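K.L.:
Give me a model of this one.
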Amino acid sequence: TVAGLMGLSVAAREHKYQLRAESLKLAAAQTLGYLELWHGTTLVRSCQVQTLLDHQALILNDYLKFAMVQEGNQAMLNLGRALAHSHNLGFFHGDLKGFHALVEPNSEGHEYTLKWLDLARVGFRLSRRQRIINLYQMLRFVVPEHGEARDGFMRAYCEASGWYADNPNKAMTLVGKFLEHKLKTHPNP
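P.N.:
Coordinates of the predicted model:
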């Protein structure tokens, strides 16, 4: 309701952001529009209408389980490059979790592209803080909690993105401090 009074509903905002993600070839589905139910000047509810996902598409979490068995820590290098690809296009996902991304194989110099779901909280001009937030989210929610996997992910990300490419340890320190702070203030349940 408040979003409706202040401007765009969540569905309208997601529709707008999804169109932008589609233009970058980063959206997991296509948007067909959105619906809003109003009672006078009050927004009651809204929803976005999308195409169905490809039935063969793999959620990132599921793909990584398989890839870790097949490739070991090489899977984390590919993940680092895939996230760097999205970031190099300026894309930021405000709620980056392994179930908000699909894996789409490609041949553009990296193993796969991440196609994104739940686009209500995204941005298209990646700031330093947003980069750190996304890396923190990857380390907390997606990358396995062991040093080799984390180190490989960060090194591949830094190399592919150009962010601290000459000093990935510095990048890991920055993200690690943010991760430590978040774990203290928002512990896992």
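K.L.:
Check which helix or strand L102 maps to.
P.N.:
Secondary structure here is read from DSSP states H and E; on that basis L102 sits in strand 101-105.
K.L.:
who's in contact with that strand?
P.N.:
Outside strand 101-105, the residues within contact range by Cβ atoms under 8 Å, 6 or more residues apart in numbering are 28, 53-54, 57-60, 63, 82, 93, 111-117. From N, CA and C alone the C-beta is placed, and that goes for glycine too.
K.L.:
Show me those that map onto strands.
P.N.:
In this view, these that belong to strands under DSSP state E are 58-59, 93, 112-116.
K.L.:
from those, which is closest to L35?
P.N.:
Nearest to L35 among the ones in strands among the contacts of strand 101-105, counting by Cβ to Cβ, is W116 at 21.7 Å.
K.L.:
Which helix runs longest in the protein?
P.N.:
In terms of residue count, the longest helix belonging to the chain (DSSP state H) is helix 168-185.
K.L.:
circling back to that earlier point, the strand holding L102 pairs with which strands?
P.N.:
If you go by DSSP bridges, strand 101-105 pairs up with strand 58-59 (antiparallel), strand 112-116 (antiparallel).
K.L.:
what pLDDT, on average, does the longest helix of the chain get?
P.N.:
Averaging pLDDT along helix 168-185 gives 86.
K.L.:
now could you export just the CA positions of it as PDB?
P.N.:
Extracted as PDB, the C-alpha positions of helix 168-185 are listed here (Å, rounded to 0.1, in the frame of the first residue of the first chain):
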ATOM      1  CA  PRO A 168      42.700 -10.500  -4.400                       C
ATOM      2  CA  ASN A 169      43.700 -10.900  -0.800                       C
ATOM      3  CA  LYS A 170      42.800  -7.200  -0.200                       C
ATOM      4  CA  ALA A 171      39.400  -7.900  -1.800                       C
ATOM      5  CA  MET A 172      38.900 -10.900   0.500                       C
ATOM      6  CA  THR A 173      39.900  -8.800   3.500                       C
ATOM      7  CA  LEU A 174      37.300  -6.100   2.700                       C
ATOM      8  CA  VAL A 175      34.500  -8.700   2.100                       C
ATOM      9  CA  GLY A 176      35.600 -10.700   5.100                       C
ATOM     10  CA  LYS A 177      35.300  -7.700   7.400                       C
ATOM     11  CA  PHE A 178      31.800  -7.100   6.100                       C
ATOM     12  CA  LEU A 179      30.900 -10.800   6.400                       C
ATOM     13  CA  GLU A 180      32.200 -10.900  10.000                       C
ATOM     14  CA  HIS A 181      30.200  -7.800  10.900                       C
ATOM     15  CA  LYS A 182      27.000  -9.300   9.400                       C
ATOM     16  CA  LEU A 183      27.500 -12.600  11.100                       C
ATOM     17  CA  LYS A 184      27.800 -10.800  14.500                       C
ATOM     18  CA  THR A 185      24.700  -8.600  13.900                       C
END
